[in-house]
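# My questions are about this predicted structure, shown below with the sequence.
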Amino acid sequence: MSEQTNLLTRQQIAARAAQDMQDGWLVNLGIGMPTMIPAFIPSNRDVMFHSENGLIGMGPPPAEGEADQDLISAGKELVTMVSGGAYVHHTDSFAIARGGRLDCAVLGAFQVAVNGDLCNWRLPNQTSGSVGGAMDIAAGSKRVFVMMTHTARDGAAKIVAARTYPLTAMKVVTKIFTDMAVISVTPDGFVLNEVAPGLTADVVQAATDAPLNMDAVGTIDVAA
Amino acid sequence: MKNKKSETLEDAVGRIKDGATLLIGGFGQPGVPEILIDGVCDLGRRDLTIVTNNAGTGHSGIARLFEEGCVSKLVCSFPWAKESFVFKELYNAGKIELEIVPQGTLAERMRSAGAGLGGFLTPTGVGTDLADGKPSMNVDGKDYVLEKPLRGDFALIKAYQADPRGNLIYRKTGRNFNPIMAMASDFTIAEVQKDVAIDELDPEVIVTPGVFVDTYYVTGWYEIGKERSI
C-alpha cells in the first residue's frame, strides 16, 4: 500500500477539482470537502456557485463583523453573495437542479460504481439517512463529479464494479477526484487519468475494486 | 379594506388544533418562524405533524416543539444533523415518526398541492429506496417517479415585510420554502419583521401575493436560534 505521505491533502484534491470547473459554469457543491473548491478557482474564470437553499452566486465566508444571519449555505455556514447573484425560493432552486441548469455538481460519496451509480446518502447498516438535496441534484445536473478519499477509513474500496450501498442516483457520475487519483467514468469503464505524485498506477489499481484503464496516465499537478 | 394583521401572537396561532399538519418554513435557521412556533408551544398543542426541511437546531424553534412533546410525526429531507439532537433522542426512543423526502421533491409536492395538481413525475429518486412503493412511469424514454401533493392544515412562515393585504417580501436565504408553503395550506400564518403601509411594497418585487396569506404577526428583528421564553 501507499505511504500516507503520498496521498493528497483535502486542499490538494479541491485544487485539482477546481481546475475542471470551466469558465461560465454554474456549479453546486455538496457538503464537506467540495465546499473547499471555490478558493481554488483560477481567477480568470467566471464560475458561479448555486446553493440549493436558494442562493445563486454564493461567495466566500463573510469578513469579521459582516455576517448576516439570513445568509447561509446549504451546509448552514454563514456565506456572502457575489456581484450579480440572486435569491430564489425552493421550487425555483430545484428547477435549476432538475431542469438541467447546473453545469456540474461536485458531491461526496460512499461508493461510485463503474456504471456511474452514486451512493452517498445512507450507509447500508442505517435504517435512515439525511438525503437533503442529493437525489435531486445528482439526478438533474448536467455533470456529476465526485470528490472523496479513495478508500474508506477501514481501507475498503469506494470505487467499485457494482454498488452495494443504497443508491442516490443511477448512472450519473462521470469523474472522480480522490486523494490518490483522477478517474473518468466512461461507457468502457473506469479510466485512470492522473495519479498523485509519488504514487504508481498499480497502487491506485490495488485500492480500487474494478479494472482501471491505464493507457494514458498523467501526474496530478499539485502546484496548480 | 380588511387588514390581515394579528395584534397578538395568540390571535395569530390560536386556531391551530391538536392533530393538525403544519408546514413550517426555514432551511437551517434562516426563515424559521421561531416566534410563531413559540406561540404553538405555549398553546400546548399535541400530536402535530410537522413538514419542514430540518429536524430543529439546539433547543429553540422547531427543536422546542419536539422537546415539549407537541409533535408525533416529522416529514423532512435532512433529519440527522448534529444540531438536531433533540429530535434524534425522541426518534431513538420511538416517540416520533419520520418520513424522509428528497428536498426538491418536498418543495415540489407542496407546490403541487398549492397549484391544484394531483402530483408530478420526477427523475429524483428513480431506483432508490425512497421510490419504493411509488408508481413509476416512462415518458419519452426517461424514467420518473410519481410524487403526490403535500398539503398542510396550516403553514407557519417567516417573511421580511408585509403590507395590510398580506403581500410579502423575504430576506436573503430566509426565503427558502416559505413562499411554497404559503401556497400549500388551508390557513397561512406569517411572522414578519416589519409591516408597511399599503402600496409601500413595489408590486414588481412582491414574492408572495396576499391571496396566499391569511394573517401575519409582526415580531420586529430578533436574533435567530436563541432560546427565549415568551
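Noted; the coordinates are in hand.

# Could you tell me which residues make contact with B:Ser136?
Residues near B:Ser136 by CB atoms under 8 Å, 6 or more residues apart in numbering or on different chains: B:Val126, B:Asp143, B:Tyr144, B:Val145, B:Leu146. Every C-beta, even on glycine, is put in place using the N, C-alpha and C of the backbone.

# next one: phi and psi at it?
Phi and psi for B:Ser136, reported as degrees, to the nearest 10, are phi -120, psi 160.

# What residues are bridge-paired with it?
With DSSP bridges as the criterion, B:Ser136 is bridged to B:Val145.

# Show me where the chain has its helices.
As the question left the chain open, I've gone with chain A. Assigned by DSSP state H, the helices in chain A fall at A:10-19, A:90-98, A:134-140, A:201-206.

# that's the other chain; I wanted chain B
Applying DSSP H to chain B gives helices spanning B:9-13, B:34-43, B:62-67, B:85-92, B:103-114, B:178-183.

# and chain A, which of its residues are near chain B?
The interface of chain A toward chain B, taken as CB under 8 Å from any CB of the partner chain, is made up of A:51-55, A:68-72, A:74, A:76, A:81, A:87-91, A:93-94, A:97-98, A:122, A:128-137, A:139-140, A:166-170.

# about what we covered before: for the helices of chain A, which one ends up most surrounded?
helix A:134-140 (a mean of 29; mean count of other CB atoms under 10 Å in any protein chain shown).

# any idea how far that helix is from the chain center?
Chain-centre distance of helix A:134-140: 13 Å, with CA atoms, centre = their mean, to the nearest Å.

# which helices and strands sit right next to that helix?
The helices and strands touching helix A:134-140, judged by 3 or more CB pairs under 8 Å, 6 or more residues apart in numbering or on different chains; DSSP states H and E, are helix A:90-98, strand A:104-107, helix B:103-114.

# Need the contact partners of the shortest one.
Outside of strand A:104-107, the residues that reach it under the criterion CB under 8 Å, 6+ apart are A:17, A:20-21, A:25, A:27-30, A:34, A:37, A:97, A:118, A:120, A:134, A:137-138, A:141-147.

# sorry, back to before: neighbour-wise, which of the contacts of B:Ser136 leads?
Within those, most neighbours by other CB atoms under 10 Å in any protein chain shown means B:Val145, with 24 neighbours.

# pretty sure B:Asn178 is touching B:Ala162, no?
No. Between B:Asn178 and B:Ala162 there is no contact under CB atoms under 8 Å: 12.0 Å.

# could you flag which of the contacts of strand A:104-107 are buried?
Among these, the ones that count as buried by 16 or more other CB atoms under 10 Å in any protein chain shown are A:17, A:21, A:25, A:27-30, A:34, A:37, A:97, A:118, A:120, A:134, A:137-138, A:141, A:143-147.

# Centre of the chain to the edge, which residue is at the far end?
This is for chain A. Ranked by distance from the centre of chain A (CA atoms, centre = their mean), the top residue is A:Gly65, with 30.7 Å.

# looking at chain B here, not the other one
B:Gly141 (35.1 Å).

# any chance of the helices and strands packed on helix A:134-140 in a markdown table, plus distance to A:Asp46 and mean pLDDT?
Listed next are the helices and strands packed on helix A:134-140 as a markdown table, based on distance: least, CB to CB, whole Å; pLDDT from 0 to 100:
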| stretch | distance to A:Asp46 | mean pLDDT |
| --- | --- | --- |
| helix A:90-98 | 17 | 98 |
| strand A:104-107 | 14 | 98 |
| helix B:103-114 | 26 | 98 |
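
# now the ones you listed as CSV including distance to B:Pro209?
Output for these, formatted as CSV (distance: least, CB to CB, whole Å):
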stretch, distance to B:Pro209
helix A:90-98, 16
strand A:104-107, 33
helix B:103-114, 12
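
# quick one, which of the ones you listed is nearest to B:Pro30?
Of all these, it is helix A:90-98 that lies closest to B:Pro30, at 12.4 Å by CB to CB.

# Show me the beta-bridge partners of the spatially most central residue of chain B.
Centrality entry for chain B: nearest residue to the mean C-alpha point is B:Ile24, 2.1 Å, by CA atoms, centre = their mean. Beta bridges link B:Ile24 to B:Leu156, judged by DSSP bridges.

# where does it land on pLDDT?
B:Ile24 carries a pLDDT value of 98.

# Could you measure from it over to chain A?
In this view, B:Ile24 and chain A are 13 Å apart by CB to the nearest CB, to the nearest Å.

# ok, now B:Val101?
Separation of B:Val101 from chain A (CB to the nearest CB): 8 Å.

# can you give me the strands for the chain?
No chain was given, so I picked chain A. A:26-29, A:48-51, A:55-59, A:80-87, A:104-107, A:111-113, A:118-119, A:144-147, A:159-160, A:173-177, A:181-186, A:189-195, A:212-213, A:218-219 (DSSP state E).

# Please refer instead to chain B.
Counting by DSSP E, the strands of chain B are B:21-24, B:48-51, B:71-76, B:97-100, B:120-122, B:136-139, B:142-147, B:152-162, B:168-169, B:185-195, B:215-218.

# so what sits against both of B:Asn178 and B:Ala162?
Common contacts of B:Asn178 and B:Ala162 (CB under 8 Å, 6+ apart): B:Ala190.

# And the two? Which one has more around it.
Between B:Asn178 and B:Ala162, counted using other CB under 10 Å, B:Asn178 has the larger neighbour count: 31 against 27.

# Identify the residues contacting the more buried one.
A:His89, B:Gly25, B:Gly26, B:Gly31, B:Ile157, B:Lys158, B:Ala159, B:Tyr170, B:Ala190, B:Thr208.

# Who wins on neighbours among these?
Within the contacts of B:Asn178, neighbour counts (other CB under 10 Å) peak at B:Ile157, which reaches 34 neighbours.

# now that residue: how far from B:Val101?
When distance is defined by CB to CB, to the nearest Å, B:Ile157 is 18 Å away from B:Val101.

# Give me the neighbour count for whatever residue of chain B ends up closest to chain A.
Per CB to the nearest CB, B:Gly104 is where chain B lies closest to chain A, at 3.2 Å. Applying other CB under 10 Å, we find 29 other residues in the vicinity of B:Gly104.

# if we can go back for a sec, of the helices of chain B, which stretch is the most buried?
Each of the helices of chain B was scored by mean neighbour count; the highest is helix B:178-183, a mean of 29, by mean count of other CB under 10 Å.

# quick one: average pLDDT of it?
Here helix B:178-183 scores 98 as its mean pLDDT.

# Any chance you could give me that helix in PDB, C-alpha atoms only?
Extracted in PDB, the C-alpha atoms of helix B:178-183 (Å, rounded to 0.1, in the frame of the first residue of the first chain):
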ATOM      1  CA  ASN B 178     -41.700  29.900   2.800                       C
ATOM      2  CA  PRO B 179     -43.400  31.100  -0.400                       C
ATOM      3  CA  ILE B 180     -44.100  27.500  -1.400                       C
ATOM      4  CA  MET B 181     -45.700  26.600   2.000                       C
ATOM      5  CA  ALA B 182     -47.800  29.800   1.800                       C
ATOM      6  CA  MET B 183     -49.500  28.300  -1.200                       C
END
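
# Sounds good, over and out.
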